[in-house]
Every structure is written in C-alpha cells, then in structure tokens.
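Enquirer: Please find the sequence and the predicted model below.
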Amino acid sequence: MAQYSNEFRSRILRKVLPPENRSIAEVSKEEQVSVQTITKWIKQLEHGKVEPATGEISPASRSTSEKITLLLESKSIAKDDLGRWLRENGLHSEHLTVWEQELRETMDTRQSQQQKEMKDLKKANKQLQKELDRKEKALAEFAALLVLKKKAQDIWGDDEDD
C-alpha cells in the first residue's frame with residue numbers, strides 16, 4: 001500500500017475539487033493514483049478525517065510514482081521559483097538529485113536485464129533454428145530415399161522374395 005504525503009494528497013484534492021473540478025479519472029491517470037484512493041480522500045475530507053499536515057512523510061519514504069511526479073514537476077519550474085516550490089513540498093534540492101540517480105540506476109538495471117534476456121532468447125532461437133534445419137535435412141533425405149525406392153520398384157519391379 002503506497003503512502004502519500006499530505007502535501008501530495010492536498011495537491012490531488014485541489015485538482016478534483018472546486019475551482020479546478022477536474023475529473024477523478026483524469027487526475028488518477030495523470031498522477032498514477034487509483035480512482036478508489038482519490039475517492040477515499042474526498043470522503044475523508046467530507047467527514048473531517050484528513051490527517052493534519054504534521055504527519056508529513058519524509059522525502060526518502062515517498063512512493064516511486066510520487067518521486068517521479070515531483071521530479072517531472074520540478075523540471076517545469078523556473079530556477080527562481082524552485083526554492084519556494086521545494087519548501088512547499090518539504091524537499092531539498094539534494095532529494096531531487098538522489099531521486100534522479102535512483103531512477104537512472106533502476107533504468108540501467110532494467111536495461112541490462114532486458115539485454116541479458118534478449119541475448120538468451122537469441123541463443124535459444126539459434127539452437128532451435130539449428131535443430132529445425134537438421135530435421136528438415138533428415139526429412140528431405142528420407143523423402144529422396146522414398147522416391148528412389150519407388151523408382152527402383154518401377155524399373156525392376158517388386159521383389160516379393162526378399
């Protein structure tokens with residue numbers, strides 16, 4: 001179960017509630033938060049059960065999707081406004097640098113795994129192709145022998161004594 005910071009939750013709620021009034025499905029897709037989660041947050045807000053801002057989640061314990069969302073959002077902010085934005089989100093510039101490095105490492109690991117899988121698949125394909133070629137050759141030889149046997153029978157006739 002992913003845990004989201006109160007700031008992140010508030011930002012999502014601001015998008016689906018007035019004045020923005022965007023659809024829950026649209027915000028869900030954009031922020032990669034399930035429709036059920038957003039609906040639950042709206043109900044909690046209506047019943048006054050939203051946690052106070054003192055229970056902020058540390059930057060290190062944010063979900064991967066939230067880190068990526070914040071990274072992308074930070075790239076669209078002007079350098080002059082970045083400090084204010086970082087403070088609003090309870091972050092330091094070092095967090096963004098660390099998250100970028102984590103993302104790069106994750107992508108590199110996945111890429112090397114995919115390359116290894118591709119290499120293994122190519123090797124298996126080559127072995128299967130070699131086996132198929134061998135079997136096709138054997139089948140062709142067998143077919144040639146059958147044709148020769150039939151021609152020999154046509155020429156010399158059936159040898160019933162053998």
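Expert: Good, I have the coordinates. Numbering: from 1, shown residues only.

Enquirer: In the chain, which helix is the longest?
Expert: helix 93-156 (DSSP state H).

Enquirer: same for that one, what does it pack against?
Expert: Under the contact definition 3 or more Cβ pairs under 8 Å, 6 or more residues apart in numbering; DSSP states H and E, helix 93-156 sits against helix 64-75, helix 79-88. Glycine gets a C-beta too; all of them are placed from N, C-alpha and C.

Enquirer: Quickly compare those and say which is most buried.
Expert: helix 64-75 (a mean of 16; mean count of other Cβ atoms under 10 Å).

Enquirer: got the contact list for it?
Expert: Under the criterion Cβ atoms under 8 Å, 6 or more residues apart in numbering, residues 2, 4-5, 8, 31-33, 62, 82, 85-86, 89, 91, 96, 99-100, 102-103 lie in contact with helix 64-75.

Enquirer: any idea of the mean pLDDT for that helix?
Expert: Averaged over helix 64-75, pLDDT sits at 88.

Enquirer: Next, the angle from that helix to helix 79-88.
Expert: Angular relation of helix 64-75 and helix 79-88 on a 0 to 180 degree scale: 150 degrees, by axes from the mean of the first three to the mean of the last three Cα atoms, to 10 degrees.

Enquirer: next one: helix 64-75 to chain centre, how far?
Expert: For helix 64-75, the distance from its own C-alpha centre to the chain's C-alpha centre is 16 Å (Cα atoms, centre = their mean, to the nearest Å).

Enquirer: how many neighbours does Asp120 have?
Expert: Using other Cβ atoms under 10 Å, Asp120 has 10 neighbouring residues.

Enquirer: do you know how far it is from Arg134?
Expert: Noted for Asp120: a distance of 21 Å to Arg134, by Cβ to Cβ, to the nearest Å.

Enquirer: circling back to that earlier point, of the contacts of helix 64-75, select the buried ones using a ChimeraX command.
Expert: The buried residues among the contacts of helix 64-75 can be selected in ChimeraX (16 or more other Cβ atoms under 10 Å) with this line:
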select :4,5,8,31,33,62,86,89,91,96,99
